[in-house]
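*Asks:* fold the following and give me the result.
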Amino acid sequence: MSTPTPMPMPTPTPMPMPTGPAGLRPAPSVGIGISFGGLVALRYVQTIRQPRALVLSAPLLGLQLPVPWWKDLAGKLLVRLSPTTRFRTGINPRNMTQDPEFLARRLADPLLIRSVTVRWFFAMRRALADVHRDAALVRCPLLIVQGLADQTVAPRCPGPFLERTGSPFRRLIELPGHVHEALNESDWEQTLATILAWLESPEITPSADRR
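*Replies:* Below is the predicted model:
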């Protein structure tokens, strides 16, 4: 879908870091975002605060799932006339994971969201444009894990995006044959161990902070 002219949005105001007893500030945390949550996490980092490190799994940096022409046309009309109108996402649950146990849980989940509003869709497209435009504002260590068989988000987008960030310590882990949810696959423990090992790197966790 092409994006209608957006309404002007106020510039985000940086949030103050909360303080603890005696005014002590907590150590910077590690952020993690998965899929759409990856897009949200990147906008947070670009506009509000840099965490100690950011880990993203299959972040929404581009859509792999095609949008039919009729949805594009209907969306352009409805975003102005009835922005809360919902459309089914068309996402195939079997593109989420190839592990039978995780897939069975997903198919049985009564809270699974299977539709989105047209307002959400165009807000997401604006956020996508913004996150690519502001790639250089990501200055924290950044790790992206991406399955190369993903049919939901574009699996080839993370590489070029990573190169345009301002992160001094960055890495892309590409998983051939994996679909959307790398941490819900049968080898999730191996993937998680790789993530944790990266977080233990001296560029992120100084030796004095390790246990």
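*Asks:* can you tell me the centre-most residue of the protein?
*Replies:* Among the residues of the chain, the one closest to the centroid is residue 38, at 1.4 Å (C-alpha atoms, centre = their mean).
*Asks:* isn't that residue right next to residue 57, touching?
*Replies:* Yes - in this structure residue 38 lies within contact range of residue 57 using C-beta atoms under 8 Å: 6.9 Å. From N, CA and C alone the C-beta is placed, and that goes for glycine too.
*Asks:* low-confidence ranges in the protein?
*Replies:* 1-28, 207-211 (pLDDT under 70).
*Asks:* what's the longest helix in it?
*Replies:* helix 118-133 (DSSP state H).
*Asks:* tell me which helix or strand comes right after it.
*Replies:* Next helix or strand after helix 118-133 toward the C-terminus (DSSP states H and E): strand 142-147.
*Asks:* same for that following strand, what does it pack against?
*Replies:* strand 53-57, helix 158-164, strand 170-175, helix 188-199 (3 or more C-beta pairs under 8 Å, 6 or more residues apart in numbering; DSSP states H and E).
*Asks:* how about 10 Å then?
*Replies:* In terms of contacts (3 or more C-beta pairs under 10 Å, 6 or more residues apart in numbering; DSSP states H and E), strand 142-147 is packed against strand 30-34, helix 36-47, strand 53-57, helix 158-164, strand 170-175, helix 188-199.
*Asks:* can you list the buried residues in it?
*Replies:* Using 16 or more other C-beta atoms under 10 Å as the test for burial, strand 142-147 gives 142, 143, 144, 145, 146, 147.
*Asks:* give me the sheet partners of it and which way each runs.
*Replies:* strand 53-57 (parallel), strand 170-175 (parallel) (DSSP bridges).
*Asks:* and residue 127, how many neighbours?
*Replies:* 16 (other C-beta atoms under 10 Å).
*Asks:* gap between it and residue 134?
*Replies:* 10 Å (C-beta to C-beta, to the nearest Å).
*Asks:* now the common contact residues for these two.
*Replies:* Counting by C-beta atoms under 10 Å, 6 or more residues apart in numbering, the common neighbours of residue 127 and residue 134 are 42, 43.
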